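Student: return atomic coordinates for the entry below.
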Amino acid sequence: MDASGLRISTAVFAVSIIYLLVCTCPVSSSISPDSGVPSANQTFNVGEELKKLRRIRAHLKKFNKPSVRTIQAILKFLLRSLSFLFLLFGFRPQSPDGDVIDCVLSHLQPAFDHPKLRGGRPLDPPERPKGHNTEPGTEAQNFQSWNMRGESCPEGTVPIRRVTEADILRASSLARFGRKARRPALRVVRRDTTSSSHEHAVGYMSGEQYYGAKSSLNVWAPFVNNRNEFSLSQMWVISGSFGEDLNTIEAGWQVSPELYGDLRPRFFTYWTTDAYQTTGCYNLLCSGFVQTNNRIAIGAAISPISTYNGGQFDISLLVWKDPKHGNWWLEFGSGVLVGYWPSVLFSHLADHASMVQFGGEIVNTRPYGIHTNTQMGSGHFSDQGFGKSSYFRNLQVVDWDNNLIPPTNLRVVADHPNCYNIQGGINRVWGNYFYYGGPGKNARCP
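Tutor: The predicted structure follows:
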């Protein structure tokens with residue numbers, strides 16, 4: 001039997017089992033229209049559930065564009081098809097690859113659904129900032145699990161992680177899928193967050209005009225306590241008044257059970273022009289970011305990762321404003337262009353940034369009324385140093401003349417230093433750097 005026949009047979013078998021289970025078992029709860037979490041207090045309403053399913057499938061058609069190729073292991077398809085049986089009997093198999101990647105024609109990617117970009121095509125690569133050196137031979141390196149065997153999408157296409165019904169059902173609502181939670185604008189970034197669920201340990205620069213930033217950071221797989229929390233390490237390029245007109249461009253790695261359904265660290269991007277209210281999204285989950293690379297899948301798992309007292313794996317990120325067209329470009333790794341945020345998306349960032357940040361962020365939902373034990377970075381405090389603590393190194397910013405230069409006024413701050421802390425330094429090899437992170441709940445962080 002060929003692969004397509006195996007898929008069909010497995011799918012038919014899975015659907016038949018589901019039918020028998022549904023038709024022979026009483027229904028005692030329904031799925032909440034907002035959260036996707038079963039609620040014992042609600043009566044199962046077939047009509048409402050069917051409407052919700054239709055809305056979800058309509059969204060899936062918008063997210064999942066027609067592909068010319070799909071990269072997916074047969075084993076993974078079998079495990080997903082039979083996952084309800086594994087859960088029924090308490091068996092949780094691990095797929096070797098958690099993602100399905102669709103190769104979509106570059107001019108059909110989600111970005112070109114945007115009214116200001118409709119009908120366009122990706123632009124050619126811009127001039128890199130002066131002083132930017134790429135290491136020869138590193139462009140072909142694989143940083144993600146899905147292409148470890150050398151797989152990539154054909155030229156003229158971009159790899160896009162497929163969105164599933166389960167992904168959408170984990171979101172707090174259909175409207176908020178793929179977006180960060182709304183929160184007070186003055187507490188979005190590097191501000192005292194004692195009354196906010198978002199906690200940070202960051203290095204930041206402000207007071208000048210910035211046209212980009214670069215850094216290297218090591219990748220970990222921190223523990224995340226529950227689906228409503230996340231842990232991330234990223235760069236922020238920021239402009240605006242820290243009110244409802246805040247513009248940000250963000251890139252890094254994150255562990256987010258709600259967004260991805262697992263605890264793998266994943267490469268991500270984000271943008272907003274109104275302080276996370278209604279604009280912007282993660283990755284390619286709305287129209288905006290234009291991808292140009294056929295080997296990097298935004299939202300896919302990063303591999304390898306760092307180990308405590310063992311090998312360290314870090315990635316380099318560069319975001320800079322193209323002097324010619326004004327778009328903000330993203331480089332991942334060494335010399336690998338991922339794509340760009342068109343300048344037409346932004347108000348303040350259409351000109352320049354007024355602040356740059358690097359560091360970690362977690363969400364603390366205070367489960368059971370105590371501080372979360374969700375980890376930041378490696379899950380260890382900054383004073384443990386190399387091989388044990390998470391770090392950002394070789395911090396740089398881009399000036400008005402497209403030069404990469406060291407920061408002149410780097411400051412470091414942690415909202416809750418007994419839970420997650422940070423300490424900076426400078427040397428000849430790492431330039432400006434800092435260690436950061438922590439375990440969350442501990443004797444000094446109740």
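Student: buried set for stretch 378-385?
Tutor: By neighbour count on 16 or more other C-beta atoms under 10 Å, the buried set for stretch 378-385 is Ser378, Gly379, His380, Phe381, Ser382. To be clear about C-beta, it is placed using only N, CA and C from the backbone, and glycine gets the same treatment.
Student: so how far is that stretch off the chain centroid?
Tutor: Relative to its parent chain, stretch 378-385 has a centroid offset of 23 Å by C-alpha atoms, centre = their mean, to the nearest Å.
Student: now do that stretch: distance from first to last residue.
Tutor: 11 Å (C-alpha to C-alpha, to the nearest Å).
Student: before we move on, the earlier item: could you dump the buried residues of stretch 378-385 to TSV with secondary structure and pLDDT?
Tutor: Output for these, formatted as TSV (DSSP: H, G, I helix; E, B strand; the rest coil; pLDDT from 0 to 100):
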residue	secondary structure	pLDDT
Ser378	coil	98
Gly379	coil	98
His380	coil	98
Phe381	coil	98
Ser382	helix	98
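Student: quick one, what contacts Pro125?
Tutor: Thr292, Trp329, Leu337 (C-beta atoms under 8 Å, 6 or more residues apart in numbering).
Student: related to what we said a few turns ago, list just the nearest of the buried residues of stretch 378-385 to Asn226.
Tutor: Gly379 (16.0 Å; C-beta to C-beta).
Student: so the closest one sits against Tyr436, correct?
Tutor: No: if you go by C-beta atoms under 8 Å, Gly379 and Tyr436 don't touch, sitting 11.5 Å apart.
Student: show me what the residue minimising distance to the centre of the chain bridges to in the sheet.
Tutor: In the chain, the C-alpha nearest the mean C-alpha coordinate belongs to Phe268, at 2.9 Å (C-alpha atoms, centre = their mean). Assessed by DSSP bridges, Phe268 has beta-bridge partners Gly252.
Student: contacts only, for Arg266.
Tutor: Applying C-beta under 8 Å, 6+ apart to Arg266 gives the contacts Trp253, Gln254, Val255, Ser256, Tyr260, Gly299, Ala300, Ala301, Ile302.
Student: what number of residues lie near Gly310?
Tutor: When neighbours are counted by other C-beta atoms under 10 Å, Gly310 registers 8.
Student: I meant to write Gly333 there.
Tutor: For Gly333, using other C-beta under 10 Å, the count is 21.
Student: do the same with Gly131
Tutor: If you count neighbours by other C-beta under 10 Å, Gly131 ends up with 12.
Student: once you drop chain neighbours, what's closest to Tyr204?
Tutor: Excluding the flanking residues, the one nearest Tyr204 by C-beta to C-beta, 6 or more residues apart in numbering is Gln357, at 4.4 Å.
Student: is it true that the one you found touches Thr248?
Tutor: No: contact between Gln357 and Thr248 fails when scored by C-beta under 8 Å: they sit 9.2 Å apart.
Student: which of the two has more residues huddled nearby?
Tutor: Thr248 (25 against 22).
Student: if we can go back for a sec, and the buried ones among the contacts of Pro125, selectable in PyMOL?
Tutor: In PyMOL, this line selects whichever of the contacts of Pro125 come out buried by 16+ other C-beta under 10 Å:
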select buried, resi 292+329+337
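Student: in strands, which of the contacts of Pro125 fall?
Tutor: Using DSSP state E, the members of the contacts of Pro125 that fall in strands are Trp329, Leu337.
Student: and the strand ranked longest in the chain, what does it pack onto?
Tutor: Of all segments of type strand in the chain, defined using DSSP E, the longest is strand 198-210. In terms of contacts (3 or more C-beta pairs under 8 Å, 6 or more residues apart in numbering; DSSP states H and E), strand 198-210 is packed against strand 353-363, strand 390-398, strand 411-414, strand 421-427, strand 431-437.
Student: could I get the ones you listed as a markdown table with distance to Pro66?
Tutor: What follows is the helices and strands packed on strand 198-210, written out as a markdown table (distance: least, C-beta to C-beta, whole Å):
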| stretch | distance to Pro66 |
| --- | --- |
| strand 353-363 | 35 |
| strand 390-398 | 37 |
| strand 411-414 | 46 |
| strand 421-427 | 45 |
| strand 431-437 | 42 |
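Student: Ser239: which of these is closest?
Tutor: So among these, strand 353-363 is nearest, using C-beta to C-beta, at 4.9 Å.
Student: packing partners of that closest one?
Tutor: Going by 3+ C-beta pairs under 8 Å, 6+ apart, strand 353-363 lies up against strand 198-210, strand 212-218, strand 231-239, strand 390-398, strand 431-437.
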